[in-house]
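In: Sequence and computational prediction follow.
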Amino acid sequence: MSELEGIYAVCLRELKVYMREKERVVSSLISPILWLVAFGTGLGSVVSIEGVNYQTYIYPGVLVMSVLFSSLFYGVYVIWDRKLDFLKEVLVAPLSRVSIFIGKVLGGCTTVAIQSAALLVIGYFIGLALPLETFLWVLLLLFVLSVALVSLGLAIGANMKSPEGFMLVANFVIWPLFFFSGALYPLDSLPAWLAGVTNVNPVTYGVDAVRGAVIGVQHFPLMVDIGVMLLLSLFVIVVGTWSFRRMHD
Amino acid sequence: MSNDYSIETFDLCKYYGELKAVDKLSLKIKKGEIFGLLGPNGAGKTTAISMLCTILPPTSGKATVNGFDVAREPAQVRKSIGIVFQAPSVDDLLTGRENLRMHTLLFKMPREIRRQRIEEVLKLVDLEKRADDLIRTYSGGMRRRLELARGMMHSPTVLFLDEPTLGLDPQTREHMWKYIQTLAKREKMTVMLTTHYMEEAELLCDRIGIIDVGKIIALDTPEALKAQLGGDNITLRAKNPNMAALRKIDCVKAVHRKGDQLQIVLKSGECNLKKILLKAGDVKNVELKPTTLNDVFLHYTGKEIREESGEGGFWQRVMGERSK
């Protein structure tokens, strides 16, 4: 079907651009590594949670964080592409907006997956080795989460006019999602208000599923985690598609 | 019959609140014609083209391209047209060939002809040798040529060119003109272009519509437009000219004054220049030149088309947007 080829074209473009912008690849890896090495080792020398070293404990959280940041900030490229008119060529093509959106999501998720895989491999060198099945399972969980977050980033990008505005909104969204997700602390003995906030934060469920896979400790049933991520994805995809439909150059 | 026309518009309007970007535009553009919309920056040229390309919805009025209604059948319109935008829109981080390949996929071209057509258009714009280099390394002229190649990739019957030579140096611009002329003929395309360069409109276009503040103010072949104004033009600098007396001279058609600069349009035929010089007062420089499209524009609007551009440059656009 020719619509599929259009989706493929949009997705392929994103991948090529990503791979050719070395700075983007490298910079996306730096802050997760800093979190693991500096923060994780530093605090890890005095703290351990659930019987595991703190660095190991936050590893799932840092993986999710890297997905969270890269996925949402991916949306800013829609604004730049629109500004520099690279997107115009795509927008005037006889291709539906839904397909353009899906192509962008797939492209974004693939770049995020490449980055997650790189982080997982780096983990082997700093004492965070995972068996192959776990490696692949974690990659899949992170991919599912990235579908929702990339769509969210694109939806914001489609509704914003300037990269600066996007950064403001994205930061406003990203930091609460990160800090209230249980990425850095266990959810078991939180004060009621904090537990309430973490429970409505969808990223919490992503962290929980990945942590379950990596260290075997899970707060919610796996089905709940995956269910929440899928529902969120579905919801944001609908919002994103709608945003792309009404987006003008 | 609508079959004779590639593009027809009926009272096409685009308003932004009070601002009338395009105001009751009615045009009929014949098949195979090269039609130019000539006007200063901000006249509404790009807005008009954007509506015809289905990028912008019209406020009111109707337009058809290849017989398809731009508002109701945008998909069919898009399939049958090629567009070269005002601002560069090829992807920097892709190679020339990759950009073209992406276009074949986006425009759903049949698989069998893709590869062959890519080679064909690359050859047409003389870019075969650079096809596998990143666009980043291309010069402005090469980018433009690639965009031209991309625009006609899917063999459209109508090609829209929005300021095709904006920001190019004079030599490169002449090259572009040759490409446009050859390609239009070879591919039997109707071409609609916008420009604020007189020579460009005069050289390329079969017919020209002069547009200002959203309205077409004159529309004809370049020759006919100039003939309307009559004969030659005298430009001179003079202090205290006797305007009334000048206007009364038989062979004078019109006199425009801008500071100490006078522009006198003559009627066709002979004219006694002495009479004019006598009434012009303290004359400093005299220049005699044939009528140009600029004079036509001046005649209709009372102002000149200024060639220097404040919009459209790639970096101006980026920086401009950022400072907004």
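Out: That came through, no problem. Numbers count the residues shown, from 1 in each chain, chains lettered A, B, ... in the order given.
In: how far does stretch B:240-252 stretch from start to finish?
Out: 18 Å (C-alpha to C-alpha, to the nearest Å).
In: buried stuff in it?
Out: Under the neighbour-count criterion of 16 or more other C-beta atoms under 10 Å in any protein chain shown, stretch B:240-252 has B:241, B:246, B:249, B:251-252 buried. All C-beta spots, glycine's among them, are computed from the backbone N, C-alpha and C.
In: In strands, which of those fall?
Out: residue B:252 (DSSP state E).
In: got the contact list for residue B:204?
Out: Counting by C-beta atoms under 8 Å, 6 or more residues apart in numbering or on different chains, residue B:204 touches B:34, B:36, B:177, B:180-181, B:191, B:193.
In: Taking the residues you listed, tell me the two that lie furthest apart.
Out: Using C-beta to C-beta, the contacts of residue B:204 span at most 12.6 Å, a distance reached by B:36 and B:181.
In: So these two - more neighbours on which side?
Out: residue B:36 (28 against 14; other C-beta atoms under 10 Å in any protein chain shown).
In: Quick check: that one is in a strand.
Out: Yes. Assessed with DSSP: H, G, I helix; E, B strand; the rest coil, residue B:36 lies in a strand.
In: which residue sits closest to it, ignoring its sequence neighbours?
Out: residue B:205 (3.6 Å; C-beta to C-beta, 6 or more residues apart in numbering or on different chains).
In: Quick check, the one you found in contact with residue B:220.
Out: No. Using C-beta atoms under 8 Å, residue B:205 is not in contact with residue B:220, being 10.5 Å away.
In: quick one: which of these two has more around it?
Out: It is residue B:205, of residue B:205 and residue B:220, that has more neighbours when counted by other C-beta under 10 Å, with 22 against 15.
In: Can you check the pLDDT for that one?
Out: Looking at residue B:205, its pLDDT stands at 92.
In: for the one 4 residues further on, same thing?
Out: We note a pLDDT of 92 for residue B:209 in this prediction.
In: Next, it: secondary structure please.
Out: strand.
In: which parts of chain B sit against chain A?
Out: B:53-56, B:75, B:78-79, B:83, B:85, B:87-94, B:98, B:101-103, B:105-108, B:134, B:150, B:314, B:317-318, B:321-322, B:324 (C-beta under 8 Å from any C-beta of the partner chain).
In: Tell me the helices and strands packed up against the strand or helix carrying residue A:205.
Out: Element membership for residue A:205, per DSSP states H and E: helix A:202-215. With contacts taken as 3 or more C-beta pairs under 8 Å, 6 or more residues apart in numbering or on different chains; DSSP states H and E, helix A:202-215 sits against helix A:54-74, helix A:132-159, helix A:163-179, helix A:222-245.
In: can we see that at 6 Å?
Out: If you count contacts as 3 or more C-beta pairs under 6 Å, 6 or more residues apart in numbering or on different chains; DSSP states H and E, helix A:202-215 packs onto helix A:54-74, helix A:132-159, helix A:222-245.
In: okay, it in CSV with CA atoms only?
Out: Presented in CSV, the C-alpha positions along helix A:202-215 are these (Å, rounded to 0.1, in the frame of the first residue of the first chain):
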residue,chain,number,x,y,z
PRO,A,202,1.9,7.4,33.9
VAL,A,203,5.7,7.4,33.8
THR,A,204,5.6,5.7,37.3
TYR,A,205,4.2,2.6,35.6
GLY,A,206,7.0,2.6,33.0
VAL,A,207,9.6,2.8,35.8
ASP,A,208,7.9,0.1,37.7
ALA,A,209,7.8,-2.4,34.8
VAL,A,210,11.4,-1.8,33.9
ARG,A,211,12.5,-2.1,37.6
GLY,A,212,10.6,-5.3,37.8
ALA,A,213,12.5,-6.7,34.8
VAL,A,214,15.9,-5.4,36.0
ILE,A,215,15.9,-6.1,39.8
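In: contact partners of that helix?
Out: A:52, A:60-61, A:63-64, A:134, A:137-138, A:141, A:145, A:177, A:181-183, A:198, A:217-220, A:225, A:228-229, A:232 (C-beta atoms under 6 Å, 6 or more residues apart in numbering or on different chains).
In: From those residues, list the buried ones, please.
Out: Using 16+ other C-beta under 10 Å, the buried ones in the contacts of helix A:202-215 are A:52, A:60-61, A:63-64, A:137-138, A:141, A:145, A:177, A:181-183, A:198, A:217-220, A:225, A:228-229, A:232.
In: So which of these reach chain B?
Out: Among these, not one lies near chain B by C-beta under 6 Å from any C-beta of the partner chain.
In: Partner strands of whichever strand or helix holds residue B:284, with direction?
Out: Using DSSP H and E, the element containing residue B:284 is strand B:282-289. Strand pairing for strand B:282-289, determined by DSSP bridges: strand B:233-239 (antiparallel).
In: that older thread, out of the helices and strands packed on helix A:202-215, which is closest to residue A:40?
Out: Here helix A:54-74 is closest among the helices and strands packed on helix A:202-215 (C-beta to C-beta), at 3.3 Å.
In: counting contacts, what elements does the helix or strand just after that closest one pack onto?
Out: As assigned by DSSP H and E, the chain's next helix or strand after helix A:54-74 is helix A:76-83. Here helix A:76-83 touches helix A:132-159, helix A:163-179, going by 3+ C-beta pairs under 6 Å, 6+ apart.
In: Export the ones you listed as a markdown table, with columns for distance to residue B:43.
Out: Shown next, in a markdown table, are the helices and strands packed on helix A:76-83 (distance: least, C-beta to C-beta, whole Å):
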| stretch | distance to residue B:43 |
| --- | --- |
| helix A:132-159 | 30 |
| helix A:163-179 | 30 |
